[in-house]
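> 3D model of this:
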Amino acid sequence: MCVGLGSAPELLEELQNVLMIAPDKVELICRIKPGDPTTEIHWYCSRFCCMFRELTHGGKYAIERTIVDDDTILSLTIAVSEETDSAIYRCVAVNKFDKVSTECHVVVLRTFHIS
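Presented below is the predicted three-dimensional model:
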């Protein structure tokens with residue numbers, strides 16, 4: 001019997017650049033084949049210069065991982081966007097064999113009210 005050694009994660013769909021008007025919801029979505037062993041997922045934002053921690057629903061940011069067949073859909077949602085959310089966002093999937101990453105630019109424009 002031959003036992004597989006495992007596999008690296010594979011990027012199937014990259015993040016897309018986003019242009020929004022505040023306070024619209026921003027959804028960043030990418031898709032990976034997770035690999036074996038378990039793949040760790042990390043989200044980064046250039047404005048924060050740090051990694052997002054696992055975030056709970058109900059806050060400004062939400063991180064989700066949805067498994068569909070053998071693929072995994074990864075998303076980061078900004079519930080109510082602001083100009084200050086404009087930044088480069090990056091998603092990294094890593095296991096002991098390798099890592100893959102994708103990034104996008106998010107630009108949030110201010111809403112103008114004309115009287």
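
> so Thr84 sits in a helix?
Yes - assessed with DSSP: H, G, I helix; E, B strand; the rest coil, Thr84 lies in a helix.

> Report the helix or strand with the lowest average pLDDT across this protein.
Least confident helix or strand of the chain, by mean pLDDT, DSSP states H and E, is strand 50-52 with a mean of 63.

> Would you mind listing the buried residues in the longest strand belonging to the chain?
The strand that spans the most residues within the chain, counting by DSSP state E, is strand 99-109. For strand 99-109, a neighbour-count test (16 or more other Cβ atoms under 10 Å) marks Lys99, Val100, Ser101, Thr102, Glu103, Cys104, Val106, Val108 as buried. (C-beta placed from N, C-alpha, C; glycine too.)

> likewise stretch 72-92?
Quick answer for stretch 72-92 (16+ other Cβ under 10 Å): 72, 74-78, 81, 85-87, 89-92.

> Please convert those residues to a markdown table, extending it with secondary structure, pLDDT and distance to Leu5.
Listed next are these as a markdown table, based on DSSP: H, G, I helix; E, B strand; the rest coil; pLDDT from 0 to 100; distance: Cβ to Cβ, whole Å:
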| residue | secondary structure | pLDDT | distance to Leu5 |
| --- | --- | --- | --- |
| Thr72 | strand | 91 | 21 |
| Leu74 | strand | 93 | 25 |
| Ser75 | strand | 93 | 30 |
| Leu76 | strand | 92 | 31 |
| Thr77 | strand | 91 | 36 |
| Ile78 | strand | 91 | 39 |
| Ser81 | coil | 93 | 43 |
| Asp85 | helix | 91 | 41 |
| Ser86 | coil | 94 | 42 |
| Ala87 | strand | 93 | 38 |
| Tyr89 | strand | 94 | 32 |
| Arg90 | strand | 94 | 28 |
| Cys91 | strand | 94 | 25 |
| Val92 | strand | 93 | 22 |
